[in-house]
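Novice: Show me how the following folds:
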Amino acid sequence: MASLTQSGGTLTGTGTLTVTGSASFTSGTESGGETVIMAGGASLLTAGQFGTITLTSSTLKLGDGTDISSSTIEGKDNTFAFSGTSELLIANHDTLTDSSGVSGGYGTDFTGAGTVINDGTYVRDDSALSLPTSMWRLTTTAPSMSKPAR
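Specialist: So this is what the prediction gives:
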């Protein structure tokens, strides 16, 4: 698929959906066991304030693991809600920059039962962080997490 924009509703199915071009996911649900690969990276939770992305027994993969890509979380006071066997995968060669706590925001909450797999780089661009460390699984591929000093 060349591009994908999801701003609500539910994307459901089984199998794998690969987005080769631009991808934007401002709110909504992915469910049903599918894997969505945003090969070129993605803009997540960019619609201002109080956005929620819900993963229900699904995998959202940022980057394809081969080519360099960049993903961002830009809105304020957002939530990634996980249930079932859900995973957010930051692929090798992808950088996820989370600036959701900048300019008075409270950051992005990662809640529920799920896993954030960091095979790439996660950059937290502010001090507002609500991330249960039990959700993070760092791999030996090339993980990196950084948070600028303030």
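Novice: who does the longest strand belonging to the chain touch, helix- and strand-wise?
Specialist: Using DSSP state E, we find that the single longest strand of the chain is strand 78-90. The helices and strands touching strand 78-90, judged by 3 or more C-beta pairs under 8 Å, 6 or more residues apart in numbering; DSSP states H and E, are strand 52-56, strand 59-62, strand 108-118. For every residue, glycine as well, the C-beta is placed using N, CA and C.
Novice: can you redo these as JSON lines with distance to residue 92 and mean neighbour count?
Specialist: As requested, those are exported to JSON lines (distance: least, C-beta to C-beta, whole Å; neighbours: other C-beta atoms under 10 Å):
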{"stretch": "strand 52-56", "distance to residue 92": "20", "mean neighbour count": "20"}
{"stretch": "strand 59-62", "distance to residue 92": "11", "mean neighbour count": "24"}
{"stretch": "strand 108-118", "distance to residue 92": "10", "mean neighbour count": "19"}
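Novice: Tabulate those strands in CSV, adding columns for distance to residue 84 and mean pLDDT.
Specialist: Formatted as CSV, the helices and strands packed on strand 78-90 follow (distance: least, C-beta to C-beta, whole Å; pLDDT from 0 to 100):
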stretch, distance to residue 84, mean pLDDT
strand 52-56, 6, 92
strand 59-62, 11, 94
strand 108-118, 7, 84
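Novice: Report the helix or strand with the lowest average pLDDT across this structure.
Specialist: When the helices and strands of the chain are scored by mean pLDDT, DSSP states H and E, strand 144-146 comes last with a mean of 45.
Novice: picking that back up, can you list the buried residues in the longest strand of the chain?
Specialist: If you call a residue buried by 16 or more other C-beta atoms under 10 Å, then strand 78-90 has these buried ones: 78-83, 86-90.
Novice: If we ignore the residues flanking it in sequence, what's nearest the most centrally placed residue in the chain?
Specialist: A centroid search over the chain (C-alpha atoms, centre = their mean) returns residue 88, at 5.6 Å, as the residue closest to the centre. For residue 88, ignoring the flanking residues on the chain, the nearest one in space by C-beta to C-beta, 6 or more residues apart in numbering is residue 116 at 4.8 Å.
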